[in-house]
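Colleague: generate coordinates for the sequence data below:
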Amino acid sequence: MEEIKTTDGEVIIDECVPFSQSKLWDFQRSFYFNESINAWTEKVPFYVTSNPYIANSYAHFTIRFIQDCLKNKSLDPKLPFYIVELGAGSGTFSFYLLNRILELKKLLSIDIKLVYVMTDLIQSNIDFWMNHEGFQPFVDLEQLDFACFDAEESTEIELIRSGVKIRQDESNTTKNPFIFIANYCFDSLRHDVFQVSNNKIYEGLCRSTTPIENFHNGRVKQLDKVGLEFEYHEISLPYYQHESLNELLLHYAQTTDNQYISFPIGSLMCIKTLKGLSNDKLLLISSDKGFSKHLEIYQSEEPELVFHDNCFSMSVNFDIIGQYFKFLGGDNFYQFTEQSLTTCAFLSGYKFDEMHETSLALETYLNSFGHTTINNLFLNEDFTNTFTSIESILPLLGASKWDVRVFNSCLEVLVSQVRAGYARISDIEDLKEKMPIIEHNFYKYPNTVDTFFDIGLFYQETMNYEDSLNYYEKSLSHFGEKENTLYNMGLCYYFLEQPEKAIIKFTQALKYNPDHLMARGWISKIESEKPALNKKDIVKADLPLVV
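Modeller: Model prediction:
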């Protein structure tokens, strides 16, 4: 076991090592392995890359790329066309994207065998997806497969269900192009840090320390309590074992000065693998916090870590990734306006000026109403203050592609409008028409909001009691019995003139909260209205009769 060094009440984690070799990256991996699917329960942010709006954008990029490949005859419709997502996490984005891609494929009559592949390095995450009811229809139709893939280590992709092994094979020139998706992935892969000054390159060797009380059994308890600093030492080229990486360093030495370079070595090595797996024919789409423009601003200060619970991320230098593709004969597309989330696209084996459909889709969906704008709207707790009527909320929901999260956030306004009598009947009917879409967009993962309950409440407030009961039953099935659900079901049964069932539900609510005065009051009211109520039915339900 490696000896632990201490000084002045601190543990020395790393001492004078390249940042990509820091133990911090290993600690981060441990966090994801330990948390598995629970990492996305209010710990690691992911909504901005996991909603119907961004999925719709990616679906159009995908379909347009396929159409371009069909036009230039670089795609064989008889062979599988693979879309591979790296680090699919909670699976929410995959769910939305797969639904939308297949919808567009059908609408545009694109006759190819499309296979979406969800990957992660953590098997328990893959098990969660494989058992998720939302994915079963795609699995049954062989449109979805899964693979354990380590973006930094793996050299092949072995599909779990079909058994197909996707590996580098220089003799195979008939393989179809690939689409690879990397959302919130590259920011968590290993980076090196350099400084450029007077055409000279200096490597950043890191020293990381943490208080002794924050270190136990060879592990850091809280990563955000780690101190990180760099010492810079001049290097000569070649520095890396790969010529293209040294060319990148030389490029920055010649084009920048007095700047820090966050060098995404883990991402670049991953891309090298992807190029090999696809026979150098691919479209890579990545959304992450990062930058591709205004380097003199973003590289003027030393790179920093941003912590999320007990893991961290770094801003991705997409300019380096773009230069890497161009050095190897590929191409890049950078979003015009970069915000907290930047989306970039990269081609290998093609040029964007030859891929007209793909370029048009990227221009349309990235340089108008970008993904960050949607995120900023819907993560703002006060955004519903601007939208105070169902009439104004409807286009908002439509713009979000009927996002479950937006619907949940607007529910209070919707209910208050209905109760106050301000809602137009036509708007209510329009919203009712879209409820099946909102339900379809609901993807359940640990600690998700009970959207079935919210839809049931909307129907209840609009006096559609049978529809309301249908969704409350789904809530019970997926989220278990809760007093509010049971109480609301009692109300629905009462207004449907089914007093016996109403009493049963009110009584069930009292099991979870004996002090529920409203439930007791309704039971008393019903019994006073129906003195001849047949109490045998209640006894059959194996519930105590509350008087």
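Colleague: show me where the stretch 151-300 of the chain has its strands.
Modeller: 157-158, 165-166, 178-183, 192-197, 200-211, 215-216, 219-220, 227-235, 259-263, 282-288, 290-291 (DSSP state E, counting those that start in this stretch).
Colleague: want to throw the ones you listed into a markdown table with mean neighbour count?
Modeller: Every residue, glycine included, has its C-beta placed from N, CA and C. Below are these laid out as a markdown table (neighbours: other Cβ atoms under 10 Å):
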| stretch | mean neighbour count |
| --- | --- |
| strand 157-158 | 18 |
| strand 165-166 | 15 |
| strand 178-183 | 25 |
| strand 192-197 | 21 |
| strand 200-211 | 19 |
| strand 215-216 | 14 |
| strand 219-220 | 18 |
| strand 227-235 | 14 |
| strand 259-263 | 22 |
| strand 282-288 | 26 |
| strand 290-291 | 23 |
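Colleague: of all those strands, which one is nearest residue 394?
Modeller: Smallest distance to residue 394 across the strands of the stretch 151-300 of the chain (Cβ to Cβ): 27.5 Å, for strand 282-288.
Colleague: quick one: mean pLDDT over the closest one.
Modeller: For strand 282-288, mean pLDDT rounds to 97.
Colleague: list the contacts of it.
Modeller: Outside strand 282-288, the residues within contact range by Cβ atoms under 8 Å, 6 or more residues apart in numbering are 48-49, 54, 58, 61, 65, 177-187, 271, 274-275, 316, 318, 321, 341-350, 358, 371.
Colleague: can you flag which of the residues you listed belong to helices?
Modeller: 54, 58, 61, 65, 271, 274-275, 318, 321, 358, 371 (DSSP state H).
Colleague: greatest separation within those: which pair is it?
Modeller: Among these, 275 and 371 lie farthest apart (Cβ to Cβ), at 25.8 Å.
Colleague: can you give me the helices in the stretch 351-500 of the chain?
Modeller: Ranges of helices within the stretch 351-500 of the chain are 356-366, 371-378, 390-399, 404-420, 425-440, 451-461, 465-479, 483-495, 499-512, based on DSSP state H, counting those that start in this stretch.
Colleague: got the domain boundaries for this structure?
Modeller: Annotated domains of the chain cover 5-34+189-257, 47-188+270-375, 380-540 [automatic domain parsing].
Colleague: buried deepest among these, which one?
Modeller: Counting by mean count of other Cβ atoms under 10 Å, domain 47-188+270-375 has the highest mean neighbour count of the domains of the chain, with a mean of 19.
Colleague: give me the distance from that one to the chain's centre.
Modeller: How far domain 47-188+270-375 lies from its chain's middle: 12 Å, per Cα atoms, centre = their mean, to the nearest Å.
Colleague: equivalent analysis for stretch 478-494, please.
Modeller: The chain centre lies 31 Å from the centre of stretch 478-494; the measure is Cα atoms, centre = their mean.
Colleague: repeat for stretch 409-417
Modeller: 26 Å.
Colleague: and that stretch, what's its mean pLDDT?
Modeller: For stretch 409-417, the mean pLDDT works out to 90.
Colleague: can you check stretch 248-266 too?
Modeller: Stretch 248-266 shows a mean pLDDT of 95.
Colleague: and which of the ones in helices among the contacts of strand 282-288 is nearest residue 407?
Modeller: If you rank those by distance to residue 407 using Cβ to Cβ, residue 54 comes first, at 16.9 Å.
Colleague: list the residues that contact that closest one.
Modeller: Contacts for residue 54 (Cβ under 8 Å, 6+ apart) come out as 48, 93, 96, 287, 371, 374.
Colleague: how close does it get to residue 333?
Modeller: Relative to residue 333, residue 54 is positioned 16 Å away (Cβ to Cβ, to the nearest Å).
Colleague: and for residue 59?
Modeller: Residue 59 is 17 Å from residue 333, by Cβ to Cβ.
Colleague: try residue 79
Modeller: For residue 79, the distance to residue 333 - Cβ to Cβ - is 26 Å.
Colleague: one more: residue 42?
Modeller: In terms of Cβ to Cβ, residue 42 sits 33 Å off from residue 333.
Colleague: also residue 181?
Modeller: In terms of Cβ to Cβ, residue 181 sits 15 Å off from residue 333.
Colleague: what's the answer for residue 205, then?
Modeller: 35 Å.
Colleague: likewise for residue 225?
Modeller: Distance of residue 225 to residue 333, given as Cβ to Cβ: 39 Å.
Colleague: kindly report the same for residue 280.
Modeller: Taking Cβ to Cβ, one finds residue 280 at 18 Å from residue 333.
Colleague: remind me which residues of the stretch 51-200 of the chain are low pLDDT?
Modeller: 170-174 (pLDDT under 70).
Colleague: what do you get if the cut-off is 50, keeping everything else the same?
Modeller: Scanning the stretch 51-200 of the chain for pLDDT under 50 picks out nothing.
Colleague: can you map out the helices along it?
Modeller: Along the stretch 51-200 of the chain, the stretches classed as helices by DSSP H, counting those that start in this stretch are 52-71, 92-107, 123-130, 136-140.
Colleague: reformat those helices as TSV; add distance to residue 152.
Modeller: Formatted as TSV, those follow (distance: least, Cβ to Cβ, whole Å):
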stretch	distance to residue 152
helix 52-71	23
helix 92-107	21
helix 123-130	16
helix 136-140	28
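Colleague: figure out which of these is closest to residue 158.
Modeller: Among these, helix 123-130 comes nearest to residue 158, with 11.8 Å by Cβ to Cβ.
Colleague: and that closest one, what other elements does it pack with?
Modeller: Contacts defined by 3 or more Cβ pairs under 8 Å, 6 or more residues apart in numbering; DSSP states H and E place helix 123-130 against strand 113-120, strand 144-148.
Colleague: what comes into contact with it?
Modeller: Residues beyond helix 123-130 that count as contacts (Cβ under 8 Å, 6+ apart) turn out to be 36-37, 88-89, 91, 94, 118-120, 135, 139, 146-148, 160, 445.
Colleague: please apply the same query to stretch 139-153.
Modeller: With Cβ under 8 Å, 6+ apart, stretch 139-153 has contacts from 84, 86-87, 98, 102, 114-121, 123, 126, 129-130, 135, 138, 154, 157-162, 164, 182, 185, 189-190, 266-267, 269-270.
Colleague: what do you get for stretch 13-26?
Modeller: Taking Cβ under 8 Å, 6+ apart as the rule, stretch 13-26 contacts 5, 190-193, 203-210, 220, 223, 226, 228, 230-231, 265-266, 305, 312.
Colleague: the same query, at a cut-off of 7 Å, please.
Modeller: For stretch 13-26, the external contacting residues (Cβ atoms under 7 Å, 6 or more residues apart in numbering) are 190-193, 203-210, 220, 223, 226, 231, 265-266.
Colleague: pLDDT on it, on average?
Modeller: Stretch 13-26 comes out at a mean pLDDT of 96.
Colleague: flag the shaky bits of the stretch 401-547 of the chain, pLDDT-wise.
Modeller: Along the stretch 401-547 of the chain, segments meeting pLDDT under 50 span 535-547.
Colleague: what's near enough to touch the nearest residue to residue 437 once chain neighbours are set aside?
Modeller: Among residues not flanking residue 437 along the chain, residue 402 sits closest, at 4.5 Å (Cβ to Cβ, 6 or more residues apart in numbering). Contacts for residue 402 (Cβ under 7 Å, 6+ apart) come out as 52, 434, 437-438, 441.
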